[in-house]
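Colleague: Fold the stuff below for me.
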Amino acid sequence: MTQATRRDRAATDRDIRRQARALLVTDGPAAVTLRAIARELGITAPALYRYYSSREDLIEHLRADVCADLAAELGTDLVEVDEADHLGQVLAICRGFRRWALAHPQEFGLVFASPSSTGAHCPVGTGDNPQDSFGRIFLTVAGRVLANGLPVTVPDDTVPDVLVTDLTRFRDELLVTIAESGTDLAADQLGIGIAHAMLQFWVRLYGQVALEVFGQFPFPVSDAEPLFETMLADLVRDVGLG
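Modeller: Take a look at the predicted model:
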């Protein structure tokens, strides 16, 4: 393949993803089809199969693009906060996630509220998948907090027995990812009790944001920000950062 041909393929690939993103934002995930993209680009639908094996393949690449964009935005927020200010970094990530989700509801829905054919999602990412870029932002900050000594101790024996196996596997993956982020963390600094607390933190944060993005609060809320800030204060207090 010549250099010119590679450039042409890269340009077309960018055009495909750009058009897929535009359809997602305008009309939602269901509108992102190979036929619709081909029509907008003025090419035939079969031509798209030179770039993506299926719609699901394209969607997974689109998820990765969205996660990378979210990670980049949160990374910019963190630059404004001193690394030693652990509370400030945690708050910046949580508030930045909410801000991004409200500004990008269709992208949020695609990544955080629709099934993935590969099981890959942004949250609490581990491994080498592009989708992990967002999860790594969370875990980098979490690693710094844990390495500095989490003020609250969460004993392992507080974890229900039925969750121990899954949480042990989750904890081991977290240790690897945190180490890859540049933070040295001993295994005894991240027990399954702490892993359980981290998982609960994410579930509550995600749940609050999802309810707001999709307008699913069980009662009318004229201003959801104070409700979010109250929940956030509870979360950081529960882990000893408040």
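
Colleague: can we go C-alpha only for contacts and neighbour counts from here?
Modeller: OK.

Colleague: looking at this protein, which helix or strand is least sure?
Modeller: helix 3-27 (a mean of 78; mean pLDDT, DSSP states H and E).

Colleague: Which segments of this protein make up each domain?
Modeller: For the chain, the structural domains run 1-52, 64-238, going by automatic domain parsing.

Colleague: which residues of the protein fall in strands?
Modeller: Taking DSSP state E as the test, none of the chain falls into strands.

Colleague: where does it have low pLDDT?
Modeller: Within the chain, the segments meeting pLDDT under 70 span 1-11, 115-132, 150-152, 242.

Colleague: show me where it has helices.
Modeller: With helices called from DSSP state H, the chain shows them at 3-27, 34-41, 55-79, 86-103, 105-112, 132-148, 164-180, 192-213, 225-238.

Colleague: Ala47 is nearest to which of the ones you listed?
Modeller: Among those, the nearest to Ala47 by Cα to Cα is helix 34-41 (8.1 Å).

Colleague: Only alpha carbons, please: show the closest one as PDB.
Modeller: The C-alpha coordinates for helix 34-41 follow below in PDB (Å, rounded to 0.1, in the frame of the first residue of the first chain):
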ATOM      1  CA  LEU A  34     -23.600   1.900   7.800                       C
ATOM      2  CA  ARG A  35     -26.200   2.700   5.300                       C
ATOM      3  CA  ALA A  36     -26.900   6.100   6.800                       C
ATOM      4  CA  ILE A  37     -23.200   6.900   7.000                       C
ATOM      5  CA  ALA A  38     -22.600   5.900   3.400                       C
ATOM      6  CA  ARG A  39     -25.500   8.000   2.200                       C
ATOM      7  CA  GLU A  40     -24.100  11.100   4.000                       C
ATOM      8  CA  LEU A  41     -20.600  10.500   2.700                       C
END
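
Colleague: From start to finish, how long is stretch 23-37 in a straight line?
Modeller: One end of stretch 23-37 to the other measures 8 Å (Cα to Cα, to the nearest Å).

Colleague: Mind listing what's buried along it?
Modeller: Applying a neighbour-count criterion of 16 or more other Cα atoms under 10 Å, one finds 23-25, 28-29, 31-35, 37 buried in stretch 23-37.

Colleague: How far off centre is it?
Modeller: How far stretch 23-37 lies from its chain's middle: 21 Å, per Cα atoms, centre = their mean, to the nearest Å.

Colleague: what does stretch 169-179 give?
Modeller: Using Cα atoms, centre = their mean, the offset of stretch 169-179 from its chain centre is 16 Å.

Colleague: what residues does that stretch touch?
Modeller: Stretch 169-179 has contacts (Cα atoms under 8 Å, 6 or more residues apart in numbering) with 126-127, 136, 139-140, 143, 184-185, 187, 190-192, 195.

Colleague: returning to what we had before: which one of the buried residues of stretch 23-37 is nearest Pro155?
Modeller: Ranked by distance to Pro155 (Cα to Cα), those are led by Pro29 at 42.2 Å.

Colleague: quick revisit: dump the contacts of stretch 169-179 into TSV; add distance to Thr76 and neighbour count as well.
Modeller: Shown next, in TSV, are those (distance: Cα to Cα, whole Å; neighbours: other Cα atoms under 10 Å):
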residue	distance to Thr76	neighbour count
Thr126	21	24
Gly127	23	14
Arg136	14	24
Leu139	16	23
Thr140	14	17
Gly143	19	25
Asp184	23	15
Leu185	25	17
Ala187	30	11
Leu190	27	22
Gly191	30	19
Ile192	31	27
Ala195	26	21
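
Colleague: Right, I'll call it a day here.
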